[in-house]
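**Q** below are the sequence and a predicted model for it; my questions follow.
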Amino acid sequence: MDQRYNDRFRNLRRWSYLPLALLVVLALVRLPSAIPVAGASQPKSPSLAAAIPVAAPAVHRTPTRTPTRTRTPVNTNTATRTSTATSTRTATGTNISTATPTSTQAPPTSTPTQPTLLSVAVSPLVASPGSSLVLSYTLFSPSAQQVSLGAGIQPSGACCWSYDGQNDRTLTISAGTSTVTRLFTVPMNASGPQDIIWGLWSAGFGTEYGARVVSSAI
């Protein structure tokens, strides 16, 4: 009986190797196709890296501030203005008292239509009662014509005027500016400073063209 069990056991062991042998045969049959042949193109298996989606790295953009340069224009052209105002007034003169008080009026800016009395003068400055004075008249006339020269005297700042009709004068003057004279006799009762009045009239003393008064003329 032991021999019989031994035989069966051997047979079972022999059949147990059969599946293993079949697997070896199948492996050998498939082995040539599994071995890559040189020069033969191999099928490309999809890459694992390609199959797995890779998230793109997040890009953080940091704003870059560019400093702004402001160009300040520099004006290198310097204009220097030099203004030199020189005003030199030289007053040279000797005041010589001729003792001739005058009254002067500026010439008219427009041409007058009648004679105008511009200035007056008297000489001498010291006179006694009954003496004669020379009275001067500077005139402007638009044309040659006749005029009359009147005059009077009175105590300075008092009343009243005294006239010398005997020396009143009517004469012809030329066009433009001229100077004429007449005489005047100082009244016998005159004393102290005297005011004098000069009068310019039309011929015959019809219209007075102008008059000038000089206080304390003599």
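**A** Nice, I can see it.

**Q** any stretches of the protein with poor pLDDT?
**A** When residues are selected by pLDDT under 70, those of the chain lie in 1-9, 11-17, 30-109.

**Q** can you map out the strands along this structure?
**A** With DSSP state E as the definition, the chain shows strands at residue ranges 102-104, 116-123, 132-141, 145-155, 162-163, 169-173, 176-185, 194-202, 208-214.

**Q** could these go into JSON lines alongside distance to L18 and mean neighbour count?
**A** C-beta: built from backbone N, CA, C; applies to glycine. JSON lines is the format used below for the strands of the chain (distance: least, CB to CB, whole Å; neighbours: other CB atoms under 10 Å):
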{"stretch": "strand 102-104", "distance to L18": "167", "mean neighbour count": "14"}
{"stretch": "strand 116-123", "distance to L18": "169", "mean neighbour count": "20"}
{"stretch": "strand 132-141", "distance to L18": "168", "mean neighbour count": "19"}
{"stretch": "strand 145-155", "distance to L18": "177", "mean neighbour count": "19"}
{"stretch": "strand 162-163", "distance to L18": "188", "mean neighbour count": "16"}
{"stretch": "strand 169-173", "distance to L18": "177", "mean neighbour count": "14"}
{"stretch": "strand 176-185", "distance to L18": "169", "mean neighbour count": "16"}
{"stretch": "strand 194-202", "distance to L18": "176", "mean neighbour count": "21"}
{"stretch": "strand 208-214", "distance to L18": "172", "mean neighbour count": "16"}
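
**Q** with distance to V24 added, can I get those in TSV?
**A** Formatted as TSV, the entries for the strands of the chain read as follows, by distance: least, CB to CB, whole Å:
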stretch	distance to V24
strand 102-104	159
strand 116-123	161
strand 132-141	161
strand 145-155	170
strand 162-163	180
strand 169-173	169
strand 176-185	161
strand 194-202	168
strand 208-214	164
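
**Q** what's the closest of those to L26?
**A** strand 102-104 (155.8 Å; CB to CB).

**Q** between the strands of the chain, which one is nearest to L22?
**A** Minimum separation from L22 across the strands of the chain (CB to CB) falls at strand 102-104, 161.3 Å.

**Q** the nearest residue to G204 once chain neighbours are set aside: what's it in contact with?
**A** Spatially, and ignoring its direct neighbours in sequence, G204 is nearest to S148 (6.3 Å; CB to CB, 6 or more residues apart in numbering). For S148, the contact set (CB atoms under 8 Å, 6 or more residues apart in numbering) comprises 168-170, 200-205.

**Q** which of those lies at the shortest distance from A144?
**A** Distance from A144 was checked for each of the contacts of S148 by CB to CB. The minimum falls on A203, at 12.2 Å.

**Q** just to check, the closest one is in contact with L149?
**A** No: under the criterion of CB atoms under 8 Å, A203 makes no contact with L149, lying 10.7 Å away.

**Q** name the residues contacting each of these two.
**A** Counting by CB under 8 Å, 6+ apart, the common neighbours of A203 and L149 are T170.

**Q** so what does S156 look like in phi/psi?
**A** S156 has phi and psi values of phi -60, psi 120 when expressed as degrees, to the nearest 10.

**Q** in terms of contact, does it touch V214 like I think?
**A** No: between S156 and V214 no contact is recorded; they are 10.1 Å apart, counting by CB under 8 Å.
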